[in-house]
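Q: any chance you can model this:
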Amino acid sequence: MSIKKTFYIILLLTSLSPLLASNPLSKITIKSQIATCYKNDKTNKIECTYEKKVAVTLADKSSITADRLEIFLDAALSKKQTTTSTQKKSPVEKITFSNNVRVTKNERTATADRMQIFPDKQECHLYGNVVICQRQKKKSQVPIITKGDHAILNLKTQRITIVGSDDAPVNTTLFFSKRIV
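A: Down below sits the predicted model:
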């Protein structure tokens, strides 16, 4: 299968995703210097790898940069879905960003060594050297910097759990009298 044809399949699968339009993963735009896609005809799975200066923009205008991105798709899933199905299953099984991961949305940023997104679970996991920062854009916001080993974000509820270790506990700094830039 040609790479051009594979990219069209990816765009089609992404646009046909039954996720709600308000879901950041309902539209994914990817730029990189190298892109490789492979479809395994036996499993009907597509794996795409993007490398070097990976830049991603999601439907909610958040952006993600990393050195490497892997997307795992189930090509058969979009054929099985019907409009009467109550199960909202995405053809995207997993998205993995690696090395120098940076997520930015409005006044919030997060950095980590690796990030995995699981659309069906509506979860995002950040691993290794996790730093989450909220800058003060409005007077009602408190600037915060939190560091940990692992963070789990529920994409539906926006609840985040940050996990540390005995050697590196969760470390949070709140700034009540100044802005952080």
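Q: rest of the way, CA atoms for contacts and neighbours
A: Noted.
Q: which residues of this structure fall in strands?
A: According to DSSP state E, the chain carries its strands in the segments 28-31, 34-40, 45-58, 63-74, 92-105, 108-118, 123-134, 144-154, 160-163, 171-174.
Q: so which residue is dead centre in the chain?
A: Centrality entry for the chain: nearest residue to the mean C-alpha point is residue 117, 4.8 Å, by Cα atoms, centre = their mean.
Q: nearest residue to that one in space, ignoring adjacent ones along the chain?
A: The shortest distance from residue 117 to any residue that is not its chain neighbour, by Cα to Cα, 6 or more residues apart in numbering, is 4.4 Å, and that residue is residue 124.
Q: can you check residue 49 too?
A: For residue 49, the nearest residue in space outside its immediate sequence neighbours is residue 70; the separation is 4.5 Å by Cα to Cα, 6+ apart.
Q: next, count neighbours for the one you found.
A: For residue 70, the count of nearby residues is 19 (other Cα atoms under 10 Å).
Q: what sits against it?
A: Taking Cα atoms under 8 Å, 6 or more residues apart in numbering, we find residue 70 in contact with 47-50, 95-97.
Q: ditto for residue 147
A: Contact partners of residue 147, counting by Cα under 8 Å, 6+ apart, are 129-132, 162, 170-172.
Q: from residue 130, how far out is it?
A: Residue 147 sits at a distance of 6 Å from residue 130 (criterion: Cα to Cα, to the nearest Å).
Q: residue 64 too?
A: Taking Cα to Cα, one finds residue 64 at 14 Å from residue 130.
Q: and the closest residue in space to residue 27 that isn't next to it in sequence, how many neighbours does it have?
A: In space, residue 27 comes closest to residue 59 once its chain neighbours are excluded; the distance is 4.8 Å by Cα to Cα, 6+ apart. By other Cα under 10 Å, 15 other residues sit near residue 59.
Q: please apply the same query to residue 133.
A: Close neighbours of residue 133, defined as other Cα under 10 Å, add up to 20.
Q: so it touches residue 110, yeah?
A: Yes. Using Cα atoms under 8 Å, residue 133 makes contact with residue 110 at a distance of 6.3 Å.
Q: for the closest residue to residue 150 other than its chain neighbours, report the pLDDT, please.
A: Residue nearest to residue 150 in three dimensions, not counting chain neighbours: residue 127, with 4.7 Å by Cα to Cα, 6+ apart. Per-residue confidence at residue 127 stands at 95 (pLDDT).
Q: please apply the same query to residue 175.
A: At residue 175 the predicted local distance difference test score is 80.
Q: these two touch, right, it and residue 146?
A: No. With the criterion set as Cα under 8 Å, residue 175 and residue 146 do not qualify as a contacting pair; they are 11.5 Å apart.
Q: any low-confidence regions in this structure?
A: Where the chain drops to pLDDT under 70, the residues are 1-22, 77-88, 140-141, 177-181.
Q: mind doing that once more with 50?
A: By pLDDT under 50, the low-scoring segments of the chain are 1-21, 82-86.
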